[in-house]
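Undergrad: what's the 3D shape of this:
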Amino acid sequence: MKRLVVAVVILLAATCGAMPREALDACYVRAESFAASAPPGAYAGADQSHVGVRRKTTQLFELDISVNGPGGATCSLTGVARLRGEPGQEILAMVVRLDRPATAARTEAPCQVFVHLTTTAAIELRTTPGACQAQSLCEGRVELNGQRFESATRMPAATAGPCFERRAP
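TA: Numbering: from 1, shown residues only. You can find the predicted model right below:
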């Protein structure tokens, strides 16, 4: 009986420190201050960046990341991320698979993008900088590593936003 009580207490403690469920199904949208300098004809959403997270299973999540940079540069990534880490320190990890010819040798480490929910409910993006630079992630024009989306930028549930919307190629 004692072991059962200890196991339940440990489980509850781990669950309480876990990443909030609502943060794992969300769309964070951030206005960009350099949008006024975007070239004419730039994508209509060039004035905002976003990170969308949508649960697929208990361990897998869809990510939709679009970060805009100066001069009309945009880095957009979509894919499936796996939940990693201990309760309270979870991250979503996505391997970026760049389009390359089938004959190209794959010798370098893969570029990975990590989405971390901070203690203040902000979303922070991290990458494996060396690997992402070697693979020319975003053609080197937009830096994803260190991008932050504050909790105030989280859109209310059931609100239409840029996350996971279809875009013209």
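Undergrad: use CA for all of it now, contacts and neighbours both
TA: Noted.
Undergrad: In this structure, where is pLDDT below threshold?
TA: The model of the chain has pLDDT under 70 over residues 1-24, 34-46, 99-107, 167-169.
Undergrad: What is the neighbour count of Asp64?
TA: Asp64 sits with 20 neighbouring residues when counted by other C-alpha atoms under 10 Å.
Undergrad: Just list what the strand or helix carrying it packs against, helices and strands only.
TA: Assigned by DSSP states H and E, Asp64 belongs to strand 60-68. Under the contact criterion of 3 or more C-alpha pairs under 8 Å, 6 or more residues apart in numbering; DSSP states H and E, strand 60-68 touches strand 48-55, strand 74-84.
Undergrad: who's in contact with the closest residue to Gln48 other than its chain neighbours?
TA: Spatially, and ignoring its direct neighbours in sequence, Gln48 is nearest to Ala31 (4.3 Å; C-alpha to C-alpha, 6 or more residues apart in numbering). For Ala31, the contacting residues are Asp47, Gln48, Ser49, by C-alpha atoms under 8 Å, 6 or more residues apart in numbering.
Undergrad: Quick check: buried residues in stretch 49-64?
TA: Ser49, His50, Val51, Gly52, Val53, Arg54, Arg55, Leu60, Phe61, Glu62, Leu63, Asp64 (16 or more other C-alpha atoms under 10 Å).
Undergrad: Am I right that the fifth one is in contact with Gly79?
TA: No: with contacts defined as C-alpha atoms under 8 Å, Val53 does not count as touching Gly79, sitting 10.2 Å away.
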